[in-house]
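>>> model this:
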Amino acid sequence: FSSLTMRDLANSDSCVERVAGAIAAGLVAGCMAGGITTGLATTGYRSGFEFPKLTAHVGRGVFLFSSVAAVYTGGKCLAEGLVGGNHPVTGGIGGSCAGVVLGAYTGSLPVFLGATTGFFVMGVVGDVAKDQFGPKHRDM
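Next comes the predicted model:
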C-alpha cells in the first residue's frame, strides 16, 4: 500500500479507488484554496489573526473541491460503464455532473448553466487532449 501513488489511483479500473483519489486531491486543493482566500480576506496584519475565519474558509474550500472532484470522477466512471469504455463524451458527462454540484453550491441558475456547460466542454477537450498528447505519445 505504501507504493500506491495518485497516478495509480487515477488510472485504476475501480471507480471506488478513483473517487477516493479525487476526494484526496480535492482535500489538498481545498485546503490551499481556503488558506489563500483567508489570506485575501484579511485586511492586514494589524487586524489580527482570526482562527474561526481560517477554519470556515478552509472547510468551505475542502467541501467544495472534494465534492466537485468526487462527483466529476463518479460521473465519468458511470458514463464509462454506460458507454462501454473511455470516450471523450465520458469526460463531458463527468464535467456536467461537477457543474451541477457547483451550481447547487452557489444557488445561482446562471452559475449552474454556465458551470454545467463549461465543465462539459472542458471534460471533452481534456479527454481529447489526453488521448492526443498523453504519455503514450511522448518520445522518452
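
>>> What segments of the protein are helices?
Taking DSSP state H, the helices of the chain run over residues 6-10, 15-41, 51-83, 88-106, 109-133.

>>> and the ones you listed as TSV, adding mean pLDDT?
Formatted as TSV, the helices of the chain follow (pLDDT from 0 to 100):
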stretch	mean pLDDT
helix 6-10	64
helix 15-41	85
helix 51-83	87
helix 88-106	92
helix 109-133	89
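
>>> Near the residue nearest to residue 93 when sequence neighbours are not counted, how many other residues are there?
Of all residues not flanking residue 93 in the chain, residue 79 sits nearest, at 3.9 Å (CB to CB, 6 or more residues apart in numbering). The C-beta positions use only the backbone N, C-alpha and C, and glycine is treated the same way. Burial of residue 79 is recorded as 20 neighbouring residues (other CB atoms under 10 Å).

>>> Can you report how many residues neighbour residue 126?
As a measure of burial, residue 126 has 16 neighbours, counting by other CB under 10 Å.
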